[in-house]
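Trainee: Curious how this folds, go ahead:
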Amino acid sequence: MTFRYRRIELTVMTATRSASYGVDFADGLNVVQAPNSWGKSTLVQSLVYGLGLEGAFSASHLSPLGEAMTSVIDLDGQREAIVQSSVTVTLENDRGEALRVRRFPRSLDFDSELVQTWFAEQGSELNSAPQRDMYVRQGGSATHALGFHRFLEEFAGLSLPKVPGFNSDEVKLYLEVLFPLFYVEQKYGWSGLAPRVPTQFRIRSPYRRAAEFVLGLGTLERLKEREGLNARLVEAKKSWEESSSELKRLVLGQGWEFVATLSDGGLMEENSPFGRHRDDKWITAEAEVEELRRHLTELDIARVRTVGEGVSSSQASLRREEREVARLSGRYRALGEQMTTSEAELNTLQVRQEELEHSRETLIDVRKLEKLGSEIDSRSIASAHCPTCAQALDSASVATGIVLDVSANLALLDAERATLRRLLAEAEADAEATAARVDAARVALEEARARVRTLKDELTSPTDSPSIAQIEERLAVRARLRAAETALATAYSVLDDVDRGARAIVSLQEQIRALRGEEDAQDRAIVRRFSRSFSEALGRFGLRSLPVDEVTIGQDSLLPEHDGFELSFDIRHGLSASDSIRTKWAHYVAMAATAASELTGASLGVLIMDEPRQQEAEFSSVRALYAELAEVSRSTQVIVASSADSQEMEQLLAGLTVNLVANVGGHMFREGVSLTS
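Mentor: Residues are numbered from 1 along each chain as shown. Okay, here's the model as predicted:
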């Protein structure tokens with residue numbers, strides 16, 4: 001579905017009189033011919049302004065129309081202030097429905113963001129259609145019931161999707177983002193090679209998104225799917241990290257360690273993943289719980305003795321616990337020293353990583369300068385100075401006696417970075433494991449010291465008192481058993497969450513990789529047709545700066561490329577000013593033709609060019625452009641504004657079917673012309 005312009009009327013009113021200008025447009029190629037300063041650009045800009053689409057070219061809410069529509073106008077040699085001005089545009093869609101739209105660039109009664117509309121199912125009924133007021137250039141104009149752009153989107157038969165925006169949001173693909181692909185205004189539109197797509201709508205890669213929609217590429221749907229998967233992946237990683245942190249707190253709280261590895265998207269357990277190192281042996285958490293159960297059973301069966309009955313036993317236990325405290329203190333100190341060493345090693349590796357990154361950045365910059373023609377690298381090497389740090393080099397210390405160039409140094413740095421990343425991961429894992437052992441040793445030492453204090457208190461108690469150590473041991477073992485059982489059950493429950501989260505992360509990553517690796521054959525075919533149409537047009541326009549068959553449309557960028565570089569960003573291609581214009585002609589012509597010819601395409605149905613003859617383009621090239629536009633106009637309405645004189649225009653359009661609107665005089669406005677069509 002598309003729309004066509006049928007008529008545009010511009011009116012101005014001063015305190016004493018009024019003036020206007022109106023023109024009808026036909027299907028096919030329309031050429032508005034008029035001398036410079038006549039008002040062609042105002043007329044063409046009004047085609048955009050009347051539909052509230054000036055946001056396609058500026059975020060400003062000021063009118064883009066000239067002073068003849070906004071402030072003062074010269075009529076019969078007299079300058080008068082404008083009291084009110086209006087732009088009225090009449091459209092027709094493929095269903096034969098008609099739409100009249102009126103906006104007021106200047107008015108005492110109507111705001112410029114108000115849009116008066118009249119809609120009829122047939123053009124003959126438009127004059128009797130009821131008026132309905134809407135708005136543009138305000139929030140909701142593309143989504144709300146009274147937003148004009150929502151109505152215009154429906155009238156044109158478009159269904160604009162939501163596309164990835166910033167901050168993980170989805171943003172509507174606004175009409176203002178599409179329109180620059182079908183309209184080139186005179187003042188700024190011919191600069192550069194890419195369409196000047198607006199960036200204020202918070203859309204990521206707005207040109208790419210607009211071109212994908214217009215050409216009907218499935219990339220947009222895959223991109224939306226990938227963005228959705230990425231959002232789910234972020235949430236899955238966040239949930240996994242929270243579960244992992246909770247698991248770590250539970251395990252460390254019992255003085256245990258966690259031993260498991262991620263494999264095939266899940267946790268590969270090595271027997272039991274929970275336990276502790278005791279006397280350089282690995283004791284699983286389950287074994288520790290079973291030991292506590294047996295010990296508690298033995299304590300429950302045993303009779304509580306008096307202090308006097310257990311003096312010898314308490315003294316022996318005290319000596320044994322004091323030896324245990326000494327042993328645990330030594331182990332705690334040794335692990336502390338090991339922890340200090342691990343942290344120092346980790347810090348050294350982190351510092352080296354920062355140095356490597358800095359050196360790599362510097363070398364990359366040096367290589368960039370080298371590619372741009374700088375001789376800094378060769379001069380430094382010739383004088384035996386490092387191009388990175390500028391220090392003197394001693395070739396005697398180099399096995400080959402040859403200083404490596406920048407690329408070779410970068411290759412070495414990349415290899416070292418890969419090795420360093422592995423070492424860092426191992427050092428971080430080692431530091432974490434050592435920290436867990438330190439915590440476990442601290443807990444064991446505190447428990448042993450508590451037992452020593454209890455035994456000393458018992459030995460100073462009355463001989464007929466029950467054994468404090470025996471009672472406290474029973475209570476302590478029962479408490480440890482209860483805490484261990486609860487922690488172990490909770491840890492396995494959280495471990496299930498961690499395991500499911502890990503598998504979900506791997507699954508999402510695989511889905512994302514699959515989408516990234518998928519290139520739809522239909523999309524590639526559409527882009528090839530777009531590129532072929534572009535190259536053929538370039539050949540007919542007479543491109544000279546580069547071989548025509550080497551200038552293509554990039555599969556990823558959807559912009560003109562040469563040798564893998566976007567022409568709009570790489571200055572080394574040496575395009576002449578006139579060839580830049582030819583390239584831009586070809587891009588717009590090919591975009592309009594491809595969008596109109598593809599079943600999945602979404603052409604707006606119009607292509608507008610204001611003064612396409614730029615940079616003194618040769619007559620033969622301009623003639624070829626009009627011939628190409630005439631061909632495009634078979635499926636797309638084309639409107640061109642030109643200041644070429646009558647004789648030249650006749651030669652340019654010879655043999656072409658065209659609706660020529662020739663104008664004369666100093667300005668388009670004429671006093672006393674009827675304000676209605």
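
Trainee: quick one: low-confidence parts of the stretch 151-300 of the chain?
Mentor: Counting by pLDDT under 70, the ranges of the stretch 151-300 of the chain that qualify are 167-168, 220, 223-224, 252-253, 257, 260-272, 299-300.

Trainee: again with the stretch 401-550 of the chain
Mentor: 401-405, 455, 457-475, 477, 516-519.

Trainee: which residues in it form helices?
Mentor: 406-459, 468-517, 521-541 (DSSP state H, counting those that start in this stretch).

Trainee: helices or strands next to the longest one in the packing?
Mentor: It refers to helix 406-459. The elements that helix 406-459 packs onto, with contact taken as 3 or more Cβ pairs under 8 Å, 6 or more residues apart in numbering; DSSP states H and E, are helix 219-253, strand 257-263, strand 266-278, helix 311-371, helix 468-517. Glycine gets a C-beta too; all of them are placed from N, C-alpha and C.

Trainee: any idea of the angle the last one forms with helix 311-371?
Mentor: Following axes from the mean of the first three to the mean of the last three Cα atoms, to 10 degrees, one obtains 20 degrees for the angle between helix 468-517 and helix 311-371.

Trainee: helices or strands up against helix 468-517?
Mentor: Checked by 3+ Cβ pairs under 8 Å, 6+ apart, helix 468-517 has helix 219-253, strand 266-278, helix 285-301, helix 406-459 packed alongside it.

Trainee: and that helix with helix 285-301, angle?
Mentor: 160 degrees.

Trainee: roughly how far apart are Pro130 and Val136?
Mentor: From Pro130 across to Val136, the span is 20 Å (Cβ to Cβ, to the nearest Å).

Trainee: Now do the domain split for the chain, please.
Mentor: Here the domain assignment for the chain is 3-215+520-671, 305-466, based on automatic domain parsing.

Trainee: Among these, which comes closest to Val259?
Mentor: domain 305-466 (8.6 Å; Cβ to Cβ).

Trainee: one step back: among the domains of the chain, which is nearest Val289?
Mentor: domain 305-466 (15.5 Å).

Trainee: which residues pair with Val606 across the strands?
Mentor: Beta bridges link Val606 to Gln637, judged by DSSP bridges.

Trainee: Pull the number of nearby residues for it.
Mentor: Per other Cβ atoms under 10 Å, the neighbour tally for Val606 reads 22.

Trainee: Which one's more surrounded, Pro130 and Val136?
Mentor: Applying other Cβ under 10 Å to Pro130 and Val136 shows that Val136 carries more neighbours, namely 23 against 8.

Trainee: if we can go back for a sec, taking the domains of the chain together, which one is wrapped up most tightly?
Mentor: Among the domains of the chain, the stretch with the highest mean neighbour count (mean count of other Cβ atoms under 10 Å) is domain 3-215+520-671, at a mean of 18.

Trainee: before we move on, back to that, indicate which one of the helices of the stretch 401-550 of the chain is closest to Ala145.
Mentor: helix 521-541 (34.7 Å).

Trainee: Restricting to C-alpha, output the closest one in CSV.
Mentor: C-alpha atoms of helix 521-541 as CSV (Å, rounded to 0.1, in the frame of the first residue of the first chain):
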residue,chain,number,x,y,z
ALA,A,521,18.5,-16.5,1.3
GLN,A,522,15.6,-14.2,0.4
ASP,A,523,17.2,-11.3,2.2
ARG,A,524,20.5,-11.8,0.3
ALA,A,525,18.6,-12.0,-2.9
ILE,A,526,16.8,-8.7,-2.3
VAL,A,527,20.1,-7.0,-1.4
ARG,A,528,21.7,-8.3,-4.5
ARG,A,529,18.8,-6.9,-6.6
PHE,A,530,19.1,-3.6,-4.8
SER,A,531,22.9,-3.6,-5.5
ARG,A,532,22.5,-4.6,-9.1
SER,A,533,19.9,-1.8,-9.7
PHE,A,534,22.3,0.6,-8.0
SER,A,535,25.3,-0.4,-10.1
GLU,A,536,23.3,-0.3,-13.3
ALA,A,537,22.1,3.2,-12.5
LEU,A,538,25.6,4.3,-11.7
GLY,A,539,26.8,3.1,-15.1
ARG,A,540,24.1,5.0,-16.9
PHE,A,541,24.8,8.1,-14.9
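
Trainee: Contacts for it, please.
Mentor: 215-219, 548-549, 551-553, 555, 558, 560, 582-583, 585-587, 589-591, 593-594, 597-598, 600, 621, 624-625, 627-628 (Cβ atoms under 8 Å, 6 or more residues apart in numbering).

Trainee: Tell me the first helix or strand C-terminal of it.
Mentor: Sequence order places strand 551-553 as the next helix or strand after helix 521-541, per DSSP states H and E.

Trainee: Am I right that Val589 sits in a strand?
Mentor: No. The assignment for Val589 (DSSP: H, G, I helix; E, B strand; the rest coil) gives helix, which keeps it out of a strand.

Trainee: State the distance from it to Leu559.
Mentor: Taken as Cβ to Cβ, the span from Val589 to Leu559 is 15 Å.

Trainee: ok, back up a step: can I get the helices of the stretch 401-550 of the chain in JSON lines including distance to Gly28?
Mentor: Below are the helices of the stretch 401-550 of the chain laid out as JSON lines (distance: least, Cβ to Cβ, whole Å):
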{"stretch": "helix 406-459", "distance to Gly28": "57"}
{"stretch": "helix 468-517", "distance to Gly28": "42"}
{"stretch": "helix 521-541", "distance to Gly28": "18"}
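
Trainee: between these, which one is nearest to Thr70?
Mentor: That would be helix 521-541 among the helices of the stretch 401-550 of the chain, by Cβ to Cβ, at 36.7 Å.

Trainee: Show me how far that closest one is from its chain's centre.
Mentor: Put simply, helix 521-541 sits 27 Å off its chain's centre (Cα atoms, centre = their mean, to the nearest Å).

Trainee: could you give the angle of that helix to helix 219-253?
Mentor: 130 degrees.

Trainee: quick one on the thing from earlier: quick one: closest of the helices of the stretch 401-550 of the chain to Ser86.
Mentor: helix 521-541 (38.0 Å).

Trainee: and the spatially closest residue to Ala26 that is not a sequence neighbour, backbone torsions?
Mentor: For Ala26, ignoring the flanking residues on the chain, the nearest one in space by Cβ to Cβ, 6 or more residues apart in numbering is Asn659 at 4.1 Å. With angles defined as degrees, to the nearest 10, Asn659 sits at phi -100, psi 100.
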